[in-house]
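Enquirer: Below are the sequence and a predicted model for it; my questions follow.
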Amino acid sequence: METRKIQMVGGGTYTVSLPKEWAESEDITAGDSVNLHTHIDGTLVLQARECEDDATRQIAVEVAHADAEPLERTLRAAYAVGAKEVRLDAADGFTTGQRRVIDLVARNLPGVSVTEESESKITVRTLLDTEEVSVRQSVRQLKFVALSMHRDATDVVTGDTPPGNLADRDDQADRLYAMIDRSFAQGLARLDVVDALELTRSELFELWGTTRELERVADHAEGIATVATEIDNSIGEPTTDELREISQRAREIITDAVSVIIGDADVETAQQALTARDQLREDITTFECRLAESSNVGAQLRPILDRLRRTAEHGGNIAEFGLRHGIRHGKRIEPSQETTDRHDPTQESHVSTGG
């Protein structure tokens, strides 16, 4: 970085000279025009030419492999980097499996549709514009989907609801994640995308990082539901009561942490979420030790408790994003209390495991 002095010329116009080495490397001479981008974080970026990359806006793919899996990966990668159009060309024609994968990807990615189709050529277009995406609102929706999946999955474990199918909501979580991931990747590559999203680059990163954590919470919910179908009826009511409490506390950590990221709570809430995470980790370990006395119950619940612990960890990771955000913006950071108002271990009743 170098520093240059601002000067005033003519009728009060501010000017600053450009580094000669940069101008020459960009083939800029006197009389040429450049683009100026003013960002909401106060930065002014000068660009010799628009960074629109036609190579990533329209992509041509030769489909030579009969396996459909590489084709799915290619389509998802093209969506993530912001491609507007993917033209698929299969000289020997598309297999039934490949066509099925193309249709599935188009259904599962927001704004994607198959617009042209023949025996050997298929065109997939993305009609989603950056201006139509609210990253913050999408994070709110993803939080709701992930936590509703988590609540229903643990209710199956405790016997409060019968086993159900979380696949539809998991697909919804994947769609929301893919859309935010696309916006993040475009924001890294193109300055006009950051402007359209009305976010600073650091805010965009924090929201994207939150999205990754929430997507993993949804995955843990699906894992809990899968394990729940293998549990017998020997757990007992005292144990299920404690499982309900642990599950609820893990979701509260997620809720509080996300509220800081999307601007609904202050940085002190992030501190409280981190303290709650630390306390919950200790309580899960204590609970596991008590369950070890009943080998059958402990063995059945161990994978579920592990996923509940990791759910709390993901909430803590989001809270750390919130803490960094507060420090970056000069917020006053108060030392966190040893306990939160929501959960006071001194008031907790110690229950024995059921058998």
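Expert: Great, that's in hand. Numbering: from 1, shown residues only.

Enquirer: Q98 contacts H65, doesn't it?
Expert: No - using CB atoms under 8 Å, Q98 is not in contact with H65, being 9.1 Å away. For glycine as for every other residue, the C-beta is placed from the backbone atoms N, C-alpha and C.

Enquirer: Now do the same contact list for S138.
Expert: Neighbouring residues of S138 by CB atoms under 8 Å, 6 or more residues apart in numbering: L176, M179, I180, T211.

Enquirer: Please state the backbone phi and psi of the residue nearest to the second one when sequence neighbours are not counted?
Expert: Take M179 and drop its neighbours on the chain: the residue closest to it by CB to CB, 6 or more residues apart in numbering is P110, 4.6 Å away. The main-chain torsion angles of P110 are listed as degrees, to the nearest 10 and equal phi -60, psi 130.

Enquirer: Between Q98 and H65, which is the more surrounded one?
Expert: Q98 (22 against 12; other CB atoms under 10 Å).

Enquirer: any idea which element L147 lies in?
Expert: According to DSSP states H and E, L147 maps onto helix 135-157.

Enquirer: Quick one: the strands in the stretch 201-350 of the chain, in order.
Expert: Here the stretch 201-350 of the chain has no strands by DSSP state E, counting those that start in this stretch.

Enquirer: Is G11 in a helix, a strand, or coil?
Expert: coil (DSSP: H, G, I helix; E, B strand; the rest coil).

Enquirer: what about A78, distance to A173?
Expert: Here A78 is placed at a distance of 21 Å from A173 (CB to CB, to the nearest Å).

Enquirer: So those two - more neighbours on which side?
Expert: Using other CB under 10 Å as the criterion, A78 and A173 rank with A173 on top: 28 against 21.

Enquirer: That one is in contact with M149, isn't it?
Expert: Yes - between A173 and M149 there is a contact under CB under 8 Å: 7.2 Å.

Enquirer: Need the contact partners of stretch 181-195.
Expert: If you take CB under 8 Å, 6+ apart as the criterion, stretch 181-195 is touched by 37, 39-40, 45, 47, 50-53, 56, 79-82, 128, 130, 133, 135, 197, 199-201, 204-205, 207-208, 211.

Enquirer: Can you tell me, leaving aside adjacent residues, what's nearest to E320?
Expert: L274 (7.0 Å).

Enquirer: my guess is the one you found contacts E313, does it?
Expert: No - counting by CB under 8 Å, L274 stays clear of E313, with 10.9 Å between them.

Enquirer: low-scoring stretches of the stretch 251-355 of the chain, by residue?
Expert: Applying pLDDT under 70 to the stretch 251-355 of the chain flags residues 294-295, 332-355.

Enquirer: would you list every one of the helices in it?
Expert: Secondary structure of the stretch 251-355 of the chain (DSSP state H, counting those that start in this stretch): helices at 267-291, 295-328.

Enquirer: Quick one: closest of these to E2.
Expert: helix 295-328 (24.8 Å; CB to CB).

Enquirer: orientation of the closest one relative to helix 135-157 in degrees?
Expert: 160 degrees (axes from the mean of the first three to the mean of the last three CA atoms, to 10 degrees).

Enquirer: helices or strands next to helix 295-328 in the packing?
Expert: Contact here means 3 or more CB pairs under 8 Å, 6 or more residues apart in numbering; DSSP states H and E; on that basis helix 295-328 packs against helix 135-157, helix 201-228, helix 237-261, helix 267-291.

Enquirer: Looking at these, which is nearest to G10?
Expert: helix 201-228 (33.9 Å).

Enquirer: which secondary structure elements does the closest one contact?
Expert: For helix 201-228, the packing partners by 3+ CB pairs under 8 Å, 6+ apart are helix 135-157, helix 167-189, helix 191-197, helix 237-261, helix 295-328.

Enquirer: List the buried residues in that helix.
Expert: 201, 203-211, 213-225, 227-228 (16 or more other CB atoms under 10 Å).

Enquirer: lowest average confidence, helix or strand, in the chain?
Expert: Scoring the helices and strands of the chain by mean pLDDT, DSSP states H and E places helix 54-57 at the bottom, with a mean of 57.

Enquirer: returning to that earlier point: could you give the separation of the helix holding L147 from the chain centroid?
Expert: From the chain centre to the centre of helix 135-157 is a distance of 12 Å (CA atoms, centre = their mean, to the nearest Å).

Enquirer: List the buried residues for it?
Expert: Judged by neighbour count using 16+ other CB under 10 Å, the buried positions of helix 135-157 are 135-136, 138-157.

Enquirer: quick one: the residue nearest to M179 and D174 touch, right?
Expert: No - taking CB under 8 Å as the definition, P110 is not a contact partner of D174, at 10.3 Å.

Enquirer: quick revisit: reformat the helices and strands packed on helix 201-228 into JSON lines and put distance to C289 next to each item.
Expert: What follows is those, written out as JSON lines (distance: least, CB to CB, whole Å):
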{"stretch": "helix 135-157", "distance to C289": "19"}
{"stretch": "helix 167-189", "distance to C289": "33"}
{"stretch": "helix 191-197", "distance to C289": "47"}
{"stretch": "helix 237-261", "distance to C289": "13"}
{"stretch": "helix 295-328", "distance to C289": "9"}
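
Enquirer: Thank you kindly, that will do.
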